[in-house]
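Participant: no sequence for this one, just the structure:
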């Protein structure tokens, strides 16, 4: 659905039609729609919903990848034994 983001006056079928902010916009040509979208006066709610869904999915995938990497790092740290940790006795200098 196309919604007006600003007050719009357009020629539709030979007459001037006004659309208020938030009102559904119908009857415009593809060229008019493209021009009004480019100017920021018109938004396509279906496109917005699709973009929001894609962004949400990307965020969920990034969080999942982060969690997996975090768990891998924690597992690797848990596998370290105290003998593998560097100490002053192993090659370090004492003051």
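Facilitator: Thanks, I have the structure now. All figures in this text were calculated on a predicted structure; none of them were measured in a lab. Residues are numbered from 1 along each chain as shown.
Participant: so what touches the helix or strand bottoming out on mean pLDDT in the chain?
Facilitator: One helix or strand of the chain scores below all others by mean pLDDT, DSSP states H and E: strand 8-12, with a mean of 89. Residues outside strand 8-12 that contact it (C-beta atoms under 8 Å, 6 or more residues apart in numbering) are 16-19, 25, 27-28, 32, 36, 41-42. The way it works is simple: take the backbone N, C-alpha and C, and place the C-beta from them, glycine included.
Participant: what's the per-residue pLDDT of the residue most central in space within the chain here?
Facilitator: Nearest to the mean C-alpha position of the chain, counting by C-alpha atoms, centre = their mean, stands residue 55 at 3.2 Å. pLDDT for residue 55: 96.
Participant: pLDDT weak spots in the protein?
Facilitator: 81-95 (pLDDT under 70).
Participant: please enumerate the helices of it.
Facilitator: Here the chain has its helices, by DSSP state H, at 30-39, 45-79.
Participant: of the ones you listed, which stretch is the most buried?
Facilitator: helix 30-39 (a mean of 13; mean count of other C-beta atoms under 10 Å).
Participant: that helix packs against which elements?
Facilitator: strand 8-12, strand 42-44 (3 or more C-beta pairs under 8 Å, 6 or more residues apart in numbering; DSSP states H and E).
Participant: and these, which is most packed in?
Facilitator: strand 42-44 (a mean of 18).
Participant: could you spell out the sheet neighbours of that strand, each with its direction?
Facilitator: Applying DSSP bridges, strand 42-44 is found paired with strand 2-4 (antiparallel).
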